[in-house]
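*Asks:* Everything below, folded, please.
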Amino acid sequence: MNKVKQSKLKKQGWRIGSVAEFLDLSPEEARLIEIKLVPSRALRKRRTGQMTQAELARRLESSQPRVAKAESGDRSVSMDLLVRALLATGATPREIAKEIARA
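*Replies:* Next up, the predicted model:
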């Protein structure tokens, strides 16, 4: 957010902060969310152009809505499913680790 907009909001009584502050997350909780979002974003990026969500779901013996949840970072999706989905798109363990390390 730019400084002019921030200044106007503060003058109107709004408080500016981070998502972690708003949700009262510990540093560890905020980091875990960041780490989990990385494979979700990578999955969407890798899958798009290769196959549909339904095709990936068939490979995983799952459902298209589950793949959609995995790509959107839904908290109900396990890291196990995210890694399996990335592997199904052709990602190597090294590529997956590299993505997570960048978080």
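
*Asks:* nearest residue to the one residue sitting closest to the centre of the chain other than its sequence neighbours?
*Replies:* In the chain, the C-alpha nearest the mean C-alpha coordinate belongs to residue 37, at 2.2 Å (CA atoms, centre = their mean). Excluding its sequence neighbours, the residue lying closest to residue 37 (CB to CB, 6 or more residues apart in numbering) is residue 73, at 4.8 Å. All C-beta atoms are positioned from the backbone trio N, CA, C, and that covers glycine.

*Asks:* Return the set of buried residues in stretch 27-47.
*Replies:* By 16 or more other CB atoms under 10 Å, the buried positions in stretch 27-47 come out as 33, 36, 38, 39, 40, 42, 43, 44, 46, 47.

*Asks:* about what we covered before: pLDDT value on the residue nearest to residue 37, please?
*Replies:* pLDDT, residue 73: 92.

*Asks:* and the gap between it and residue 10?
*Replies:* Between residue 73 and residue 10 the computed distance is 30 Å (CB to CB, to the nearest Å).

*Asks:* Could you do residue 43 as well?
*Replies:* As defined by CB to CB, residue 43 lies at a distance of 38 Å from residue 10.

*Asks:* distance of the residue nearest to the centre of the chain from residue 48?
*Replies:* Residue 37 is 17 Å from residue 48, by CB to CB.
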